[in-house]
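1. Build me a structure from this.
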Amino acid sequence: MKNIHFQWALAFCFLLYFNADAQLQAYKKGLQSFDKGFYELAINDLQKVKEIDASQEAKLNYTLAEAYRLSNRWVPAIPYYEKAIAEGIEEPEAHFYYAYALKVDEQYQKASEQFKKYVEQKTPNKELNEWANRELSTLQIIDLLKDKSTDIQFRNLAEVNTEGAEFSPIIHKGQLVFTSSRKDKMYANGLPFVGLYAASVNPDYTQFGEVGLFSKNIFDPERNEGSPAFSPDGKIVVFARGNSGKRKDHSPDVDLYISRNVPGEGWTEPQLVSASDSASWDGCPAFSGDGKTIYFSSNRPGGSGGMDLYRVNMDASGRFGNPANMGKTLNTPGDEMFPFVSQDGKLYFASDGHPGLGKLDLFVAVRKSGKISVENLGLPYNSSRDDFGLTEDGQGNIFFSSNREGGKGDDDIYFYKAPAAEVVVDVPVKEEPEEEEKIVNYYLKGEVLDSDNKAVLANTRIDLYKIEGGFQELDSTLTTNEKGVFGPIPMQEETDYLMLVSKEEYLTKREGFSMYGRSIPQILLRKSVTDTTFNTVIDLSKIFVGKTFVINNIYYDLDKADIRPDAAIELDKIVQILLDNPKLKIELGSHTDSRGTDMYNLRLSQRRAESAIEYIISRGIDRDRLVATGYGETELIIENAKTEEEHQVNRRTEFKILDLGENPSNK
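-> The predicted model follows:
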């Protein structure tokens, strides 16, 4: 009997071992799939992990949340963000994306709380900070946005919609041309590629024919194709085409392609649009009314963040000029996509950065009193989900796309059929006077504190710079009073500022403040003139010879001392500190973890410290202000470290003050 019990116990131990090993393998496989962008595969593997080391629980849940978010499934991401945050995930963006997911799920109060937590972190991510401030303003007017509605009703165009995705509809010569996920080719994670399809439609839009390929010459079974735009004469189509993943592809992302309709031959082999940036995502094209300009969306460098709207001219021979960003009136740190120019010259587009009900909302850009403003189209155009790809035919018939609840599948096409035109008797109508635009005066007030004991710092100098076009212009200079307070200072809307804060015996600090995303929506204003003041708190670090600062996020490849791009970003911050404090002399110290021999670690750390010093010198800092010291494993923070996280704490870079100079705060 005892032998039987022993065999059962042994079998149970083996079962536990193999189960734990299977879960560990699923975890590793899920992380690998996530890194490759195979989000559905990552979700399938990571959800198999029921038990894991406590140190990995936050990462597991955060990766699941991100896999859902990056595959545009925000609501299922909510419980995983919640768990990751409760487990102490250190990713600062967690609060932002959790907040946005809550907004998509219409949990507006909780979303506001999470956006506030993100803003309070004061992360260096300028785009997300601006976006979070915009969302905090938007959440104040959600009820007002919901009150904005029209009487028209859209119907789900069941004649063409499937359980897959149908989007970006447009009418072209008696056909509804649209994008659909009907290709046989699948992504590595099981999702089908999208292509261009068409269905005939009769003149009064009462009947839609069977769906078929738009063009065999344009169709590529191994790429994504979508969002077609037709020139006014119907002879040119511009569309977006993705990468096939093969070596022959010159682009790693999505580009714009052009094809011409040749009589008797059909659409020509698509050619890459010369204005497309192969290193970026370019898509969602639209023609202007005269066919001389193409609007599109791109995440190319130099934008406001996310996808921005651009415009580019095209001459009669099909040659393109240089694309131009359409500016911050239209573009936000979020995504601006799917532009469309109506026959009356209005620019419609989708955005998740302007005040909206959820994810992508539909907007129209209008000009009032010489000033362009952006208006949310309200209900029923918009919902808490994605609403995008609006087009109309000039007769009042409207199409757009949405993945709102109650649809047939993923993204569906929705349609409004305009009533027959009625004979209208020309009756003089009294024009209502335009509503007077209300004025807001913005101010900034601040407090400067000692970072260690939070004591107020009187007589601290603040040089306020206005940043325009990448240049800094001194706006004003002021000093804190005996309570450590400065301001209020007048601020301009949609402007970036920089504060250079200096005081003797303290490290001079740069503190940015952006007015982008902070404007109060006109719909909330009740008085003709409103004054509003923003408050900020700035911490200064007291300096003395021997004080040490840890430089976060400087990592090196295994057994190497080369400066990686992510480490260069952190070292540039040290460069800026040395520029702002020109008398300061520092020691840059490099520490390894306890793995490896003492002598090897000492030499490796010395090489790493010297490599960092050489980088700082290359950025214009004098060598005689810098000393490189490798400490190896002689100053471990965590003795007997076991986990990778604990080893990382030990494997750090620090700078120590060696000499203050005569007066580090005098410029």
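2. Report the residue spans of the stretch 501-650 of the chain with pLDDT below the cut-off.
-> The model of the stretch 501-650 of the chain has pLDDT under 70 over residues 523, 552-553, 555-560, 564, 566.
3. how many other residues sit next to Y414?
-> Using other C-beta atoms under 10 Å, Y414 has 23 other residues around it. Where C-beta positions appear, they are placed from N, C-alpha and C, glycine not excepted.
4. what residues are up against it?
-> F154, R155, N156, L157, F399, F400, S401, S402 (C-beta atoms under 8 Å, 6 or more residues apart in numbering).
5. Against Q140, how distant is the last one?
-> Think S402. From S402 across to Q140, the span is 25 Å (C-beta to C-beta, to the nearest Å).
6. same deal with the fifth one?
-> Counting by C-beta to C-beta, the gap from F399 to Q140 is 32 Å.
7. between the two, who's got more neighbours?
-> F399 (24 against 16).
8. buried ones in stretch 151-165?
-> The neighbour-count check on stretch 151-165 (16 or more other C-beta atoms under 10 Å) flags F154, N156, L157, V160, N161, G164, A165 as buried.
9. With pLDDT, secondary structure and distance to V75 added, can I get those residues in TSV?
-> Below are these laid out as TSV (pLDDT from 0 to 100; DSSP: H, G, I helix; E, B strand; the rest coil; distance: C-beta to C-beta, whole Å):
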residue	pLDDT	secondary structure	distance to V75
F154	94	coil	22
N156	95	strand	20
L157	94	coil	24
V160	93	coil	26
N161	94	coil	21
G164	90	coil	19
A165	92	coil	17
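10. out of those, what pair is the most spread apart?
-> Maximum pairwise distance in these, criterion C-beta to C-beta, is 19.9 Å, between F154 and G164.
11. Identify the bridge partners of N376.
-> F363 (DSSP bridges).
12. Moving C-terminal from the lowest-mean-pLDDT helix or strand in the chain, which element do we reach first?
-> Sorted by mean pLDDT, DSSP states H and E, the helices and strands of the chain end with helix 2-35, the least confident at a mean of 65. Going down the chain from helix 2-35, the next helix or strand is helix 39-46, by DSSP states H and E.
13. gap between that next one and the chain center?
-> 22 Å (C-alpha atoms, centre = their mean, to the nearest Å).
14. Now the element after it, going C-ward?
-> helix 57-70.
15. same for that next one, what does it pack against?
-> helix 2-35, helix 39-46, helix 74-86, helix 93-104 (3 or more C-beta pairs under 8 Å, 6 or more residues apart in numbering; DSSP states H and E).
16. Which of these sits closest to G512?
-> Using C-beta to C-beta, the helices and strands packed on helix 57-70 put helix 93-104 closest to G512, at 17.6 Å.
17. For the closest one, report the contacting residues that lie outside it.
-> 62, 65-66, 69, 74-75, 77-78, 81-82, 84-85, 108, 110-115, 117-118, 121, 123, 125, 128, 131-132, 135, 139, 358-359, 384-385.
18. Now the buried members of the residues you listed.
-> If we count by 16+ other C-beta under 10 Å, the contacts of helix 93-104 have these buried: 62, 65-66, 69, 74-75, 77-78, 81-82, 84-85, 108, 110-112, 114-115, 117-118, 121, 125, 128, 131-132, 135, 139, 358-359, 384-385.
19. Low-confidence regions, the stretch 301-450 of the chain specifically.
-> In the stretch 301-450 of the chain (pLDDT under 70), the answer is 369-370, 421-436.
20. Which parts of it are helices?
-> Assigned by DSSP state H, counting those that start in this stretch, the helices in the stretch 301-450 of the chain number zero.
21. returning to that earlier point: got JSON lines for the contacts of Y414, with distance to L191 too?
-> JSON lines is the format used below for those (distance: C-beta to C-beta, whole Å):
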{"residue": "F154", "distance to L191": "26"}
{"residue": "R155", "distance to L191": "27"}
{"residue": "N156", "distance to L191": "22"}
{"residue": "L157", "distance to L191": "22"}
{"residue": "F399", "distance to L191": "24"}
{"residue": "F400", "distance to L191": "23"}
{"residue": "S401", "distance to L191": "17"}
{"residue": "S402", "distance to L191": "19"}
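22. biggest separation within the residues you listed, which pair?
-> Farthest pair in those, by C-beta to C-beta: R155 and S401, 13.6 Å.
23. need the contact list for the most centrally placed residue in the chain.
-> By C-alpha atoms, centre = their mean, the chain has its centre lying nearest to G306, at 4.6 Å. By C-beta under 8 Å, 6+ apart, the contact list for G306 reads E127, N299, T332, P333, G334, D335, E336, G353.
24. and if we set it to 7 Å?
-> By C-beta atoms under 7 Å, 6 or more residues apart in numbering, the contact set of G306 is N299, P333, G334, D335, G353.
25. do A165 as well
-> S180, S181, V194, G409, D410, D411.
26. Filter these down to the buried ones.
-> Using 16+ other C-beta under 10 Å, the buried ones in these are S180, S181, V194, D410, D411.
27. re earlier: tell me the one of the buried residues of stretch 151-165 nearest I439?
-> Once C-beta to C-beta is applied, the member of the buried residues of stretch 151-165 that ends up nearest I439 is F154, at 37.6 Å.
28. Strands along the stretch 351-500 of the chain, start to end?
-> Secondary structure of the stretch 351-500 of the chain (DSSP state E, counting those that start in this stretch): strands at 361-368, 371-376, 387-392, 398-402, 412-416, 439-450, 461-468, 471-479, 485-491, 496-502.
29. Columns distance to G209 on top of those strands, output as a markdown table?
-> A markdown table is the format used below for the strands of the stretch 351-500 of the chain (distance: least, C-beta to C-beta, whole Å):
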| stretch | distance to G209 |
| --- | --- |
| strand 361-368 | 27 |
| strand 371-376 | 34 |
| strand 387-392 | 19 |
| strand 398-402 | 16 |
| strand 412-416 | 15 |
| strand 439-450 | 53 |
| strand 461-468 | 55 |
| strand 471-479 | 58 |
| strand 485-491 | 58 |
| strand 496-502 | 53 |
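30. all helices for the stretch 501-650 of the chain, in order.
-> Under DSSP H, counting those that start in this stretch, the stretch 501-650 of the chain gives helices at 565-580, 598-618, 644-650.
31. buried ones in the last one?
-> Residues of helix 644-650 classed as buried: E646, H647, N650 (neighbour count, 16+ other C-beta under 10 Å).
32. same check, this time on the first one
-> For helix 565-580, the neighbour count (16+ other C-beta under 10 Å) marks A567, E570, L571, I574, V575, I577, L578, D580 as buried.
33. could you say what helices and strands that helix packs with?
-> Here helix 565-580 touches helix 598-618, going by 3 or more C-beta pairs under 7 Å, 6 or more residues apart in numbering; DSSP states H and E.
34. Out of the helices and strands packed on helix 57-70, indicate the one that is most buried.
-> Per-stretch averages of neighbours, counted by mean count of other C-beta atoms under 10 Å, single out helix 93-104 among these, with a mean of 24.
35. And the contacts of the helix or strand that it is followed by?
-> Using DSSP H and E, the next helix or strand after helix 93-104 towards the C-terminus is helix 108-120. Helix 108-120 has contacts (C-beta under 7 Å, 6+ apart) with 95-96, 98-99, 102-103, 129, 132-133, 135-136, 139, 142.
36. So P92 sits against T123, correct?
-> Yes - applying C-beta atoms under 7 Å as the test, P92 and T123 come out as touching, 4.5 Å apart.
37. for L128, helix, strand, or coil?
-> helix (DSSP: H, G, I helix; E, B strand; the rest coil).
38. which of the contacts of A165 lies closest to V211?
-> Of those, the one sitting nearest to V211 (C-beta to C-beta) turns out to be S180, at 7.4 Å.
39. I'd like the distance between that closest one and D387.
-> 18 Å.
40. How about T479?
-> 50 Å.
41. Counting neighbours, go ahead and name the busier of the two.
-> Ranked by neighbour count (other C-beta under 10 Å), T479 and D387 place D387 first, with 28 against 12.
42. Check the gap between the residue nearest to that one when sequence neighbours are not counted and Q207 for me.
-> Among residues not flanking D387 along the chain, S402 sits closest, at 4.6 Å (C-beta to C-beta, 6 or more residues apart in numbering). Separation of S402 from Q207 (C-beta to C-beta) stands at 23 Å.
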